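Colleague: predicted model follows, preceded by the sequence.
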Amino acid sequence: MHSVAILVLDDVVPFDMAAPMQAFDWARLPDGRAPYRVRMCAESSEVRTQGLTLRVEHGLEALETADTIIVPGRSEESGPPSGRVLAALREAADAGTRIASVCVGAFVLAEAGLLDGLRATTHWIAADELALRHPEVEVAPDVLYVDNGQILTSAGAAAGLDMCLHMIRRDLGSAVAAHTARMCVVPLEREGGQAQFIVHRQPPVPRGSDLEPLLEWLEDNLAGEVTLGAMAARSGMSERTLSRRFREQTGTTPLQWLLRARVRRAQYLLENGDHSIERIARQAGFGSPTAFRERFRRVVGTTPHAYRAAFLGRSAATAPHA
């Protein structure tokens, strides 16, 4: 059984800690056995987090026998990790243990010197700070995770889950990783690890916004032909005023919002059915399959065909009706 130690420090971010716990706990071999044993460990028996105090059974000695160590992110107010923690991570790295970070947990690895000369990532909002503090690290702010072999880093909590699925696939193969992804209700990355699939959620709109009725109408009419003029008429605003309100309240334009809503609808249909690409193009409001493929790829970074295959954990060649 592969031992996974999640190293929790004071001010740990709960979501960053939960993502790897969920992934490795859900993993199952074809005969139903659990291939991973997950343990939380810390420098002290109690660890503070956002609104919670965690009681941790294992100390830093758990790192000595772990096959994989996960370092979750911490809040902005947290101080530097202790010398004992950094020394324990260095010793584990020297012993060949696989070590990975979630979100700003990359700062802990950098403090330990484990990222020197390596390419690494972290949450995009902290990428500049990581590069400033640790110029010896090649920071890649536009990827979900970086695998250097022994050392891995990921962006936010969701990207940490992507990274864990990647490690599971590396350890146990695509079938086990695909099953784990389905249990976690997330897509699995494409074979080869090059393309990541992100659900493009719309920016939140303040409750009570004058755009809410229009956005509800758009969601109900994605399959139809919707123009900026039609949106403006529906909302009782001029096109110029509507565009300004959209930028103020969603950070994007009306037509870009509509495109993302259609892509999101297409992602749902690709993930939850076996309709043809042509039918999904019509249902999501793209008109033609050609326009659908081009716009989907522009937003998601891969084709509808490959997206469906990766989510279902199959090769693109065998995806149904694609």
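Modeller: Noted; the coordinates are in hand.
Colleague: how's the chain carved up into domains?
Modeller: 2-184, 212-318 (automatic domain parsing).
Colleague: tabulate the ones you listed (JSON lines), appending mean neighbour count and mean pLDDT.
Modeller: Every residue, glycine included, has its C-beta placed from N, CA and C. Output for those, formatted as JSON lines (neighbours: other CB atoms under 10 Å; pLDDT from 0 to 100):
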{"stretch": "domain 2-184", "mean neighbour count": "19", "mean pLDDT": "90"}
{"stretch": "domain 212-318", "mean neighbour count": "17", "mean pLDDT": "84"}
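Colleague: residues making contact with stretch 126-142?
Modeller: 103-104, 106-107, 110, 115-122, 124, 146 (CB atoms under 8 Å, 6 or more residues apart in numbering).
Colleague: residue 168: which of those is nearest?
Modeller: residue 146 (17.0 Å; CB to CB).
Colleague: what's near enough to touch that closest one?
Modeller: Neighbours of residue 146 in contact, by CB under 8 Å, 6+ apart: 118, 119, 120, 121, 140, 152, 153, 154.
Colleague: what about it, which SS state?
Modeller: The three-state label given to residue 146 by DSSP: H, G, I helix; E, B strand; the rest coil is strand.
Colleague: all helices of the stretch 201-322 of the chain, in order?
Modeller: With DSSP state H, counting those that start in this stretch as the criterion, the stretch 201-322 of the chain has helices at 212-220, 228-235, 239-250, 254-272, 277-283, 289-300, 304-312.
Colleague: what packs against the longest one?
Modeller: Going back to what we said before, that points to helix 254-272. Packed against helix 254-272 by the contact rule (3 or more CB pairs under 8 Å, 6 or more residues apart in numbering; DSSP states H and E) you find helix 212-220, helix 228-235, helix 239-250, helix 277-283, helix 289-300, helix 304-312.
Colleague: any chance of those helices in JSON lines, plus distance to residue 70?
Modeller: Shown next, in JSON lines, are the helices and strands packed on helix 254-272 (distance: least, CB to CB, whole Å):
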{"stretch": "helix 212-220", "distance to residue 70": "37"}
{"stretch": "helix 228-235", "distance to residue 70": "45"}
{"stretch": "helix 239-250", "distance to residue 70": "35"}
{"stretch": "helix 277-283", "distance to residue 70": "37"}
{"stretch": "helix 289-300", "distance to residue 70": "27"}
{"stretch": "helix 304-312", "distance to residue 70": "24"}
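Colleague: just to revisit the earlier point, now, which of the contacts of residue 146 lie within helices?
Modeller: Nothing among the contacts of residue 146 maps onto helices, per DSSP state H.
Colleague: quick check, nearest of those to residue 95?
Modeller: The closest of the contacts of residue 146, once distances to residue 95 are taken by CB to CB, is residue 152, at 16.6 Å.
Colleague: the closest one and residue 101 touch, don't they?
Modeller: Yes: using CB atoms under 8 Å, residue 152 makes contact with residue 101 at a distance of 7.4 Å.
Colleague: list the contacts for residue 121?
Modeller: 106, 127, 139-141, 143-146, 153-155, 159.
Colleague: try 10 Å this time
Modeller: By CB atoms under 10 Å, 6 or more residues apart in numbering, the contact set of residue 121 is 101, 103, 106, 127, 130, 137-146, 152-155, 159, 163.
Colleague: for the helices and strands packed on helix 254-272, which one sits closest to residue 175?
Modeller: Across these, closest to residue 175 is helix 304-312 (CB to CB), at 11.7 Å.
Colleague: residue 3 belongs to a strand, doesn't it?
Modeller: Yes: assessed with three-state DSSP, residue 3 lies in a strand.
Colleague: these two touch, right, it and residue 70?
Modeller: No: using CB atoms under 10 Å, residue 3 makes no contact with residue 70, being 11.5 Å away.
Colleague: overlap in contacts of these two?
Modeller: residue 38.
Colleague: element containing residue 186, please.
Modeller: Using DSSP states H and E, residue 186 sits in no helix or strand.
Colleague: start at 754 instead
Modeller: Sure thing, new numbering starts at 754, so read that last one as residue 939.
Colleague: so how many other residues sit close to it?
Modeller: 20 (other CB atoms under 10 Å).
Colleague: what's the closest non-adjacent residue to it?
Modeller: residue 914 (6.0 Å; CB to CB, 6 or more residues apart in numbering).
Colleague: ditto for residue 1008
Modeller: According to CB to CB, 6+ apart, the nearest residue to residue 1008 is residue 981 (6.1 Å).
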